[in-house]
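**Q** sequence plus predicted model, see below.
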Amino acid sequence: MIRPAQRINQVKEYYFSLKLKEIARMVEEGKKVINLGIGNPDQPPAPEVLETLHASASRPDTHGYQSYIGIPELRKSFSAWYQRYYGVTLDPESEILPLMGSKEGIMHISMAFLNPGDEVLVPNPGYPTYAAVTEIVEAKARIYDLQEGNGWQPDLNGLEKEDLSKVKLMWVNYPNMPTGAKANRKLFESLIAFGKRNNIVICNDNPYSFILNNDPQSILSVPGAKDIAIELNSLSKSHNMAGWRVGMAASNPEFIQYILRIKSNMDSGMFRPLQEAAAKALTLEKGWYDQINQVYQKRKALVKEILKALNCSWDENQSGMFMWARIPETYASAKELSDKILYEANVFITPGFIFGSGGEKYIRISLCTSEKKLEESMERIKNIITK
């Protein structure tokens with residue numbers, strides 16, 4: 001009998017993978033399900049980005065294997081983008097590594113820095129992949145809680161009262177997903193100091209800083225941050241290029257080389273036309289982001305109406321392409337409310353428990369849905385709530 005590796009028993013299939021299968025079955029049964037759960041941008045990239053992709057793909061010399069470190073034009077564009085919007089200077093030759101999306105960066109970083117038995121600080125609530133990848137590489141996820149009353153920020157003083165001797169890496173994610181909590185300079189300074197005091201690599205996952213956020217920030221803007229920090233970024237959300245799988249890691253040259261050793265053994269480079277189009281996307285003016293955010297702002301207003309109908313409460317200062325809201329006490333859990341809406345109204349809303357126990361009393365609604373579908377969702381939900 002063939003048995004899988006033990007690590008298969010450590011992780012489950014990604015929640016959204018399972019839920020999409022269920023939704024697909026419901027659709028096959030004739031139910032017109034509206035999915036408000038996943039942050040999958042439904043707007044296209046900028047026209048000039050698509051034109052660049054087409055022009056590059058039409059050339060006969062762009063279809064071969066590419067460098068593991070990305071083309072110079074892309075690295076230079078990432079560097080200029082960071083300088084322009086974050087005020088961060090990055091050497092395109094040694095401090096930037098293009099990735100096939102930042103999600104693969106989570107795996108590469110974990111494989112590059114973690115040995116079996118090492119501990120990793122993982123936020124609760126937080127992106128499930130941090131804990132899943134930690135388990136896959138046979139490290140141990142050490143959960144730290146984020147509290148609404150503390151602005152969804154880690155209690156670093158509390159953590160330092162614990163034994164951190166086995167902790168090698170800490171995942172943070174600001175602007176935060178799922179809560180929408182924004183980054184600030186004081187938090188980033190505290191995180192860098194914490195990492196240096198305790199010899200912990202601080203990894204900030206930063207794909208949401210341009211969505212409904214007027215103050216994009218990078219943890220690498222803190223003096224000396226590159227000594228101990230790595231930042232992941234992505235064009236998936238900021239440039240409507242989720243399926244393109246274009247991201248980056250930025251840090252000091254030594255850390256980048258560690259990550260490259262893993263990456264170079266796992267892929268054969270990114271399709272050059274994608275890289276050229278991504279480089280073009282990174283040159284877009286601020287007006288591009290403003291235009292995209294105008295759409296999200298209109299949708300956000302409709303999502304708030306849905307949340308009002310559900311008698312939920314939320315923080316008005318949250319950013320990103322989701323709304324995170326506390327459910328009313330009439331429901332025992334977010335799963336109960338989510339299931340009721342899915343099976344009675346055929347509208348899927350993400351229950352917060354999938355992000356950890358800290359999300360048990362919260363739901364998350366994506367803004368990546370047309371105003372028409374949001375309005376229809378509202379009507380369906382009102383019909384079941386008023387029954």
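**A** Sure thing, it's come through.

**Q** how distant is the worst-scoring helix or strand of the chain on mean pLDDT from the center of its chain?
**A** Least confident helix or strand, the chain: helix 15-28 with a mean of 81, by mean pLDDT, DSSP states H and E. For helix 15-28, the separation from the chain centroid amounts to 21 Å (computed by C-alpha atoms, centre = their mean, to the nearest Å).

**Q** which SSE is immediately downstream of that helix?
**A** strand 34-35 (DSSP states H and E).

**Q** helices and strands around that next one, which ones?
**A** strand 347-348, helix 371-385 (3 or more C-beta pairs under 8 Å, 6 or more residues apart in numbering; DSSP states H and E). Just so you know, the C-beta spots here come from the backbone N, C-alpha and C atoms, and that holds for glycine as well.

**Q** contacts for the shortest one, please.
**A** Meaning strand 347-348. The contact list for strand 347-348 (C-beta atoms under 8 Å, 6 or more residues apart in numbering) reads 19, 23, 33-37, 338, 341-342, 377, 380-381.

**Q** let's see it at 6 Å
**A** With C-beta atoms under 6 Å, 6 or more residues apart in numbering as the test, strand 347-348 has contacts from 34-35, 37, 341-342, 377, 380.

**Q** quick one: which of those residues is nearest Tyr258?
**A** Among these, Gly37 lies closest to Tyr258 (C-beta to C-beta), at 35.0 Å.

**Q** relative to helix 371-385, how tilted is the longest helix anywhere in the chain?
**A** If you go by DSSP state H, the chain has its longest helix at helix 286-309. Angle, helix 286-309 to helix 371-385, by axes from the mean of the first three to the mean of the last three C-alpha atoms, to 10 degrees: 10 degrees.

**Q** what does helix 286-309 contact?
**A** 46, 210, 212, 323, 325, 365, 367, 374, 378, 381-382, 385.

**Q** if you set the cut-off to 8 Å instead, what comes out?
**A** 36, 43, 46, 210-212, 238-240, 314, 321, 323, 325, 365, 367, 369-371, 374-375, 377-378, 381-382, 385.

**Q** buried residues in that helix, which are they?
**A** Neighbour counts over helix 286-309 (16 or more other C-beta atoms under 10 Å) mark 288-289, 292-293, 296, 299-300, 302-307, 309 as buried.

**Q** can you name the next helix or strand after that helix?
**A** strand 313-314.

**Q** which parts of the protein are strands?
**A** 34-35, 96-99, 119-124, 140-145, 167-172, 201-205, 229-234, 247-250, 313-314, 322-326, 347-348, 350-351, 362-366 (DSSP state E).

**Q** give me the contact list for the last one.
**A** So that's strand 362-366. Applying C-beta under 8 Å, 6+ apart, the set of residues contacting strand 362-366 is 36-40, 125, 178, 303, 306-307, 310, 312, 321-327, 334, 337-338, 349-352, 355.

**Q** could I get the average pLDDT for it?
**A** Taken as a whole, strand 362-366 has a mean pLDDT of 96.

**Q** same thing with the second one?
**A** Confidence over strand 96-99, taken as the mean pLDDT, stands at 96.

**Q** so which elements touch it?
**A** Counting by 3+ C-beta pairs under 8 Å, 6+ apart, strand 96-99 packs on helix 72-86, strand 247-250, helix 253-263.

**Q** give the other helices and strands that the last one contacts.
**A** It refers to helix 253-263. Helix 253-263 sits against strand 96-99, helix 102-113, strand 247-250, with contacts defined as 3+ C-beta pairs under 8 Å, 6+ apart.

**Q** try 10 Å
**A** Where contact means 3 or more C-beta pairs under 10 Å, 6 or more residues apart in numbering; DSSP states H and E, helix 253-263 is packed against strand 96-99, helix 102-113, strand 229-234, strand 247-250.

**Q** mind listing what's buried in that helix?
**A** Quick answer for helix 253-263 (16+ other C-beta under 10 Å): 255-256, 258-260, 262-263.

**Q** which one among these gets closest to Tyr65?
**A** Nearest to Tyr65 among the buried residues of helix 253-263, counting by C-beta to C-beta, is Lys263 at 14.1 Å.

**Q** hmm, that closest one is touching Gly105, no?
**A** Yes. Judged on C-beta atoms under 10 Å, Lys263 makes contact with Gly105 at a distance of 8.6 Å.

**Q** just to revisit the earlier point, nearest to Ser190, of the helices and strands packed on helix 253-263?
**A** Within those, the stretch nearest Ser190 is strand 229-234; the backing value is 12.3 Å (C-beta to C-beta).

**Q** tell me the strands beside the closest one, with direction?
**A** Strand pairing for strand 229-234, determined by DSSP bridges: strand 201-205 (parallel), strand 247-250 (antiparallel).

**Q** what mean pLDDT does the longest one get?
**A** In this model, strand 201-205 carries a mean pLDDT of 98.
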